[in-house]
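Engineer: any chance you can model this:
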Amino acid sequence: MVRFLRPLLRGTTYTRLLHLCVPMLSVAFWMFIDPRTPWAPALFLVPLALIPAVRRGEGVQARLLLTPGEAEPGISEEPARSWRDRGRTLLWLELRMLIGAVAMFATVRLPVLTVELAECAWGLPPSFLEGLAPHRAYALLAPLPLLALYGVVLGLGALVTRCARRLLGPSAAERLAALEERTEQLLERTRIARELHDSIGHALTVAVVQAGAARAAGDPEFTGRALTAIEETGRAALEDLERVLGVLRESERPASARPTLADADRLLESARASGAQVDFRATGPVESLPGPVSREGYRILQEALTNVLRHAGAVPVRVRVTAGGCQLALEISNPLPAVRTTAGSGSGLRGIRERAALLGGSARTGPEAGDWLVRAELPVS
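Structural biologist: Numbers count the residues shown, from 1 in each chain. Predicted structure coming up:
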């Protein structure tokens, strides 16, 4: 019984009933003009549905009254952009008026019928049910119209909500735009995660290597250089962190603020300060590379150097950057450590491959001729 009456405690039941009754206001107004043609307001809906903003108004009203509190009700708030949308809007307006007429009739007549049956049960003559003789047995029938009203209100509310989702739902173009926006958001979140992993991971790796080397060396002069390198690397990491957090604070922040291969010197100096012997050579117009290619190339180089310091330590590193006519090639190699690690299964090297694939390129990581090799090829055009 409690479950049966639970819809009476929901606000949605009454907001949907209000939504059903709103179209009847135009009919009630028209009855003062010409009561002989109560169907005339349905004709005025035809030119009304051709106005693009009407669809938006109906969508806002339907979301507010039919699906309050739902995050994704499946009802669009966009104006009509095609004749198909206008046709769906017209069908919605006509159906809404028809369902509203049924709801208004039920909400008025069924309670009156209950009162009439109650009067007959008390021995009073009915006002509308002519020819019905008073009898106490009608007391058993009096609740039936209210039960019918209960079912009509819930049923018509569910029906009009379903019609709204079908007729006021997003068009194919709107669904495609929403999907593209969602995809862009996911890509942005993935990019931010990679930025944090690359910049902070690189800084922490350099700091750990420098601190360990300073402790092992026991040389005050070397310790001073190590602390200086840790300070510079930490400051650069803070700048990267501020840049990434700026993306979160301001979604329209330009991507040009991110570092490019033109800023690779600070990566090389950071690695050299950690004890690695970096042999760097750049060929071709690296400075004139397109922004996205140069920025992703910087991150690939950063992750590769971070992996060298993390898994191999202070070893010779060979870095080659070649900018050709239609391709950017990066090759980073270092001697394999005496103790093999599972570097190839980490998220960093996977991120290198994902960055390359995102630009339509490719990346290969793994042992080759006694060295650990990272090679990435990114299309320039």
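Engineer: can you map out the helices along the stretch 151-300 of the chain?
Structural biologist: Under the criterion DSSP state H, counting those that start in this stretch, helices of the stretch 151-300 of the chain are mapped to 172-217, 220-249, 264-273, 291-311.
Engineer: looking at those, which is buried most?
Structural biologist: When you average the neighbours per residue for each of the helices of the stretch 151-300 of the chain (mean count of other Cβ atoms under 10 Å), helix 291-311 leads with a mean of 23. The way it works is simple: take the backbone N, C-alpha and C, and place the C-beta from them, glycine included.
Engineer: follow-up on the earlier one: okay, the helices of the stretch 151-300 of the chain in CSV with distance to residue 25 and mean pLDDT next?
Structural biologist: Below are the helices of the stretch 151-300 of the chain laid out as CSV (distance: least, Cβ to Cβ, whole Å; pLDDT from 0 to 100):
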stretch, distance to residue 25, mean pLDDT
helix 172-217, 30, 70
helix 220-249, 47, 74
helix 264-273, 69, 84
helix 291-311, 56, 85
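Engineer: can I get these in JSON lines including distance to residue 119?
Structural biologist: Converted to JSON lines, those look like this (distance: least, Cβ to Cβ, whole Å):
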{"stretch": "helix 172-217", "distance to residue 119": "54"}
{"stretch": "helix 220-249", "distance to residue 119": "68"}
{"stretch": "helix 264-273", "distance to residue 119": "91"}
{"stretch": "helix 291-311", "distance to residue 119": "80"}
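Engineer: looking at those, which is closest to residue 100?
Structural biologist: Between residue 100 and those, the tightest spacing by Cβ to Cβ is seen for helix 172-217, at 26.5 Å.
Engineer: what's the helix or strand for residue 318?
Structural biologist: strand 316-323 (DSSP states H and E).
Engineer: how far out from the middle of the chain is that strand?
Structural biologist: Relative to the mean C-alpha coordinate of its chain, strand 316-323 is positioned 39 Å out (Cα atoms, centre = their mean, to the nearest Å).
Engineer: which neighbours in the sheet does the helix or strand just after it have, and how are they oriented?
Structural biologist: Beyond strand 316-323 on the C-terminal side, the first helix or strand identified by DSSP H and E is strand 327-335. Partners of strand 327-335 in the sheet, by DSSP bridges, are strand 316-323 (antiparallel), strand 371-379 (antiparallel).
Engineer: can you say which of the ones you listed is nearest to residue 46?
Structural biologist: Counting by Cβ to Cβ, residue 46 lies closest to strand 371-379 out of these; the figure is 54.3 Å.
Engineer: contacts for that closest one, please.
Structural biologist: With Cβ atoms under 8 Å, 6 or more residues apart in numbering as the test, strand 371-379 has contacts from 293, 296-297, 300, 304, 307-308, 311-312, 326-336, 343, 349, 352, 355-356, 359-367.
Engineer: buried stuff in that strand?
Structural biologist: Residues of strand 371-379 classed as buried under the neighbour-count rule (16 or more other Cβ atoms under 10 Å) are 371-378.
Engineer: tell me the domain ranges of this structure?
Structural biologist: By the assignment in automatic domain parsing, the chain contains the domains 2-170, 180-379.
Engineer: separation between the closest residue to residue 34 other than its chain neighbours and residue 32?
Structural biologist: The shortest distance from residue 34 to any non-neighbouring residue, by Cβ to Cβ, 6 or more residues apart in numbering, is to residue 40 (6.7 Å). Look at residue 40 and residue 32: by Cβ to Cβ, to the nearest Å, they are 12 Å apart.
Engineer: export the buried residues of strand 371-379 to a markdown table and tack on pLDDT and distance to residue 175?
Structural biologist: Below are these laid out as a markdown table (pLDDT from 0 to 100; distance: Cβ to Cβ, whole Å):
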| residue | pLDDT | distance to residue 175 |
| --- | --- | --- |
| 371 | 89 | 50 |
| 372 | 90 | 46 |
| 373 | 92 | 44 |
| 374 | 93 | 40 |
| 375 | 94 | 40 |
| 376 | 93 | 36 |
| 377 | 92 | 36 |
| 378 | 91 | 33 |
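Engineer: residue 134: which of the residues you listed is nearest?
Structural biologist: Closest to residue 134, out of all of those and judged by Cβ to Cβ, is residue 378, at 92.1 Å.
Engineer: returning to that earlier point: okay, buried residues for the strand holding residue 318 please.
Structural biologist: By neighbour count on 16+ other Cβ under 10 Å, the buried set for strand 316-323 is 317-319, 321, 323.
Engineer: tabulate those in a markdown table, adding columns for pLDDT and distance to residue 197.
Structural biologist: A markdown table is the format used below for those (pLDDT from 0 to 100; distance: Cβ to Cβ, whole Å):
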| residue | pLDDT | distance to residue 197 |
| --- | --- | --- |
| 317 | 92 | 20 |
| 318 | 93 | 24 |
| 319 | 94 | 20 |
| 321 | 93 | 22 |
| 323 | 90 | 26 |
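Engineer: which one of the residues you listed is nearest residue 203?
Structural biologist: Ranking the buried residues of strand 316-323 by separation from residue 203, with Cβ to Cβ as the measure, puts residue 317 on top at 17.6 Å.
Engineer: quick check: residue 226 touching residue 210?
Structural biologist: Yes - under the criterion of Cβ atoms under 8 Å, residue 226 is in contact with residue 210, at a separation of 4.2 Å.
Engineer: where do the contact lists of the two overlap?
Structural biologist: Common neighbours of residue 226 and residue 210 (criterion: Cβ under 8 Å, 6+ apart): residue 273.
Engineer: picking up where we left off before, how about the strands paired with strand 327-335, which one is nearest residue 159?
Structural biologist: If you check each of those against residue 159 by Cβ to Cβ, strand 371-379 wins as the nearest, at 54.6 Å.
Engineer: quick revisit: closest one of the buried residues of strand 371-379 to residue 220?
Structural biologist: Among these, and counting by Cβ to Cβ, the member closest to residue 220 is residue 372, at 33.7 Å.
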